[in-house]
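K.L.:
okay, sequence plus prediction incoming.
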Amino acid sequence: MVTSMESSTLVPVKGRGVGRIVVDWLTTTDHKKIGHLYLITSFGFFLFGGLLALMLRAELARPGIQLLSNEQYNQTFTLHGTIML
């Protein structure tokens with residue numbers, strides 16, 4: 001009896017769509033794939049936190065420039081702190 005091992009590459013194989021590859025990556029128990037997912041997620045949060053920091057810096061760059069309301073500034077500051085923590 002011959003059993004075939006399903007490949008876990010990102011190259012589309014006939015009969016496997018992109019959706020199946022995404023489900024495979026999100027439901028994996030392979031430690032290498034989980035490590036890649038951690039790296040991708042942390043880099044994404046790093047970029048989003050950096051974007052929030054740029055918004056805060058732009059708000060404080062010159063007096064009188066109102067890019068964010070007071071409530072939006074407070075929310076951005078809190079969200080930036082939470083993400084970067």
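P.N.:
Received the coordinates, thanks. Residues are numbered from 1 along each chain as shown.
K.L.:
any idea how far residue 43 is from residue 63?
P.N.:
Distance check for residue 43 against residue 63: by C-beta to C-beta, to the nearest Å, it reads 35 Å. The way it works is simple: take the backbone N, C-alpha and C, and place the C-beta from them, glycine included.
K.L.:
and the helix or strand containing residue 44, which residues are buried?
P.N.:
Using DSSP states H and E, residue 44 falls within helix 31-61. For helix 31-61, the neighbour count (16 or more other C-beta atoms under 10 Å) marks 49, 52, 55, 56, 59 as buried.
K.L.:
go through the residues you listed and name the one nearest residue 78.
P.N.:
Proximity of the buried residues of helix 31-61 to residue 78 (C-beta to C-beta) peaks at residue 52, which lies at 9.8 Å.
K.L.:
the residue nearest to that closest one when sequence neighbours are not counted: neighbour count?
P.N.:
Spatial nearest neighbour of residue 52, chain neighbours left out: residue 80 (3.9 Å); criterion: C-beta to C-beta, 6 or more residues apart in numbering. Look at residue 80: counted by other C-beta atoms under 10 Å, it has 19 neighbours.
K.L.:
now do the contacts for residue 80.
P.N.:
By C-beta atoms under 8 Å, 6 or more residues apart in numbering, residue 80 lies in contact with 49, 52, 53, 56.
K.L.:
if we use 10 Å, what do you get?
P.N.:
48, 49, 50, 51, 52, 53, 54, 55, 56 (C-beta atoms under 10 Å, 6 or more residues apart in numbering).
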